[in-house]
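Q: Quick one, structure for this:
(chains A, B, C and D)
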There are 2 protein chains.
Amino acid sequence: MPIDIPEVVIDRLPVYARALKLLERDSREVVSSYELGEQLGVTPAQIRKDLSYFGRFGKQGRGYNVHRLLSELRQILGLEQQWTLALVGVGNLGRAILTYGGFAPEGFSIVEAFDANPEIVGQCVGELVVRDVKELPDILHRSPVDIGIVAVPAAAAQGVIDTLVSCGTKAILNYAPIAARVHRDIRMRYIDPVLALQSMTFYLKSAKVSAR
Amino acid sequence: MPIDIPEVVIDRLPVYARALKLLERDSREVVSSYELGEQLGVTPAQIRKDLSYFGRFGKQGRGYNVHRLLSELRQILGLEQQWTLALVGVGNLGRAILTYGGFAPEGFSIVEAFDANPEIVGQCVGELVVRDVKELPDILHRSPVDIGIVAVPAAAAQGVIDTLVSCGTKAILNYAPIAARVHRDIRMRYIDPVLALQSMTFYLKSAKVSAR
DNA sequence: TGATGTGAATCAGTTCACAGCT
DNA sequence: AGCTGTGAACTGATTCACATCA
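A: The predicted structure is shown next:
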């Protein structure tokens, strides 16, 4: 059913949901596509068109009921559900991910953590005991997770991703700086601050004169 | 000069550069758009078209000289230069950013760190002493940085971004979960793992059956 | 009056396909 | 023979503009 909806549209829905959450917290009852667009730096037409893929949530002359629209979006995106995640790689970065407080309130709970380093295996980080990555297939076959988080060095990342996929993981959040190759029905998102910086410098270059 | 080149093209160049770096390390002399495309999951035509915005770097019948193309891309993107960054927000996340080893080898050096919490101000993290964010305008006016990194709570983020911009910062890497409003000649990149997860769940939803 | 929802028009990005070079 | 570079064709996304409704 939810196919042939452009992926860019899906990517924007969580942004809308986040803005609506703020509006709801401020007890706003109704919002127009114009106001929402203003807040998000998006055209009103874009918002209306995006939403129209999923239904008719607005009232002409009035706008959208904030609570109603938020709840529709949460339904559409599956944000009402609880999602389980397994983290692979408990170095600096992995630790920061484990202790980051932003996932749990959104329904994302990291239920397993793996590392290859024997000095790290067995450590407690937060609520979790770090497991040996060798046990990953066993553990995840027994109780699969919805999403894998990859925070291992570049050289190990493709292997880890392949293993996760072979355990039935259908979505991966990859922090490793590689262009991973996966079957196209596996969802992949990249968190890659270096890439982000390297594309901005193109625009800075012309302006930049001297070193500090 | 470098205007009306689509932004998506610029975003892909660092990806190409990264792949070329690997090839160079493996002492590969020449690579075709086909092979590069294979490795990156991109069509060869895309690569050739992207590169053609900047020049004719290939040899018909042969492909691209790896070293030459890498060095051209580094030039185009400004990766030969050293870039200075200021971090705002030295909580969990900020600390992870400061200790992350991936920036420095790419020429990005964090030269200032700011926080609003008096318990954090004055602490040493890595090489840096954390400054009070109140001193930020003074310090950055005196010695500006190229890029700001924002790792403060959502509620504080827009204010911090405005301050950075008023100090002449032209590019911002934003880790805060907000849709920031900035003048369009300020470059902004978002690092937002929650958004990434929330768009993937849309696709998982249909498949998901039971809870763990 | 003031907003939505949506076909149609436009704009942007990708892929095709092939001439041309080595 | 093999691959680049690039207009042209195509595909996809955004914006326009307006009928429609509260």
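Q: Next, the contact list for residue A:126, please.
A: Going by CB atoms under 8 Å, 6 or more residues apart in numbering or on different chains, residue A:126 touches A:98-99. C-beta here means a position set from N, CA and C on the backbone, and glycine is covered the same way.
Q: Swap in 6 Å and give it another go.
A: residue A:98 (CB atoms under 6 Å, 6 or more residues apart in numbering or on different chains).
Q: what's next to the longest helix along chain A, contact-wise?
A: Ranked by residue count under DSSP state H, the longest helix found in chain A is helix A:7-25. With contacts defined as CB under 6 Å, 6+ apart, helix A:7-25 is touched by A:31, A:39-40, A:50, A:66-67, A:69-70, A:73, A:77, B:195, B:198-199, B:202.
Q: Now restrict these to buried residues only.
A: Neighbour counting by 16 or more other CB atoms under 10 Å in any protein chain shown classes A:31, A:40, A:50, A:66, A:69-70, A:73, A:77, B:195, B:198-199, B:202 among the contacts of helix A:7-25 as buried.
Q: what does chain A put close to DNA strand D?
A: By the rule CB under 7 Å from any atom of the strand, the part of chain A lying against DNA strand D is A:6-9, A:42-43, A:45-46, A:48-49, A:59-62.
Q: Filter those residues down to the buried ones and express that as a PyMOL selection.
A: Buried members of the residues of chain A next to DNA strand D, defined by 16+ other CB under 10 Å, are picked up in PyMOL with:
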select buried, chain A and resi 9+42+48
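Q: Farthest pair within the residues of chain A next to DNA strand D?
A: Maximum pairwise distance among those (CB to CB): 32.2 Å, between A:7 and A:61.
Q: any chance you could map the helices in chain A?
A: In chain A, the helices defined using DSSP H lie at A:7-25, A:33-40, A:44-52, A:66-77, A:92-99, A:136-142, A:154-166, A:193-205.
Q: May I see those helices arranged in TSV, with mean pLDDT and distance to residue B:170 as well?
A: Shown next, in TSV, are those (pLDDT from 0 to 100; distance: least, CB to CB, whole Å):
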stretch	mean pLDDT	distance to residue B:170
helix A:7-25	98	24
helix A:33-40	98	22
helix A:44-52	98	27
helix A:66-77	98	34
helix A:92-99	96	27
helix A:136-142	98	43
helix A:154-166	98	29
helix A:193-205	97	6
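Q: Buried deepest among these, which one?
A: Scoring the helices of chain A by mean neighbour count under mean count of other CB atoms under 10 Å in any protein chain shown gives helix A:193-205 as the most buried, with a mean of 22.
Q: And it, what does it pack against?
A: Secondary-structure packing of helix A:193-205 (3 or more CB pairs under 6 Å, 6 or more residues apart in numbering or on different chains; DSSP states H and E): helix B:7-25, helix B:66-77, strand B:171-174, strand B:187-190.
Q: do you know how far residue A:173 is from residue B:201?
A: Residue A:173 sits 11 Å away from residue B:201, taking CB to CB, to the nearest Å as the criterion.
Q: Where is the longest strand in chain A?
A: In chain A, ranked by residue count with DSSP state E as the criterion, the top strand is strand A:108-115.
Q: Show me what that one is packed against.
A: Helices and strands touching strand A:108-115, as assessed by 3+ CB pairs under 6 Å, 6+ apart, comprise strand A:83-88.
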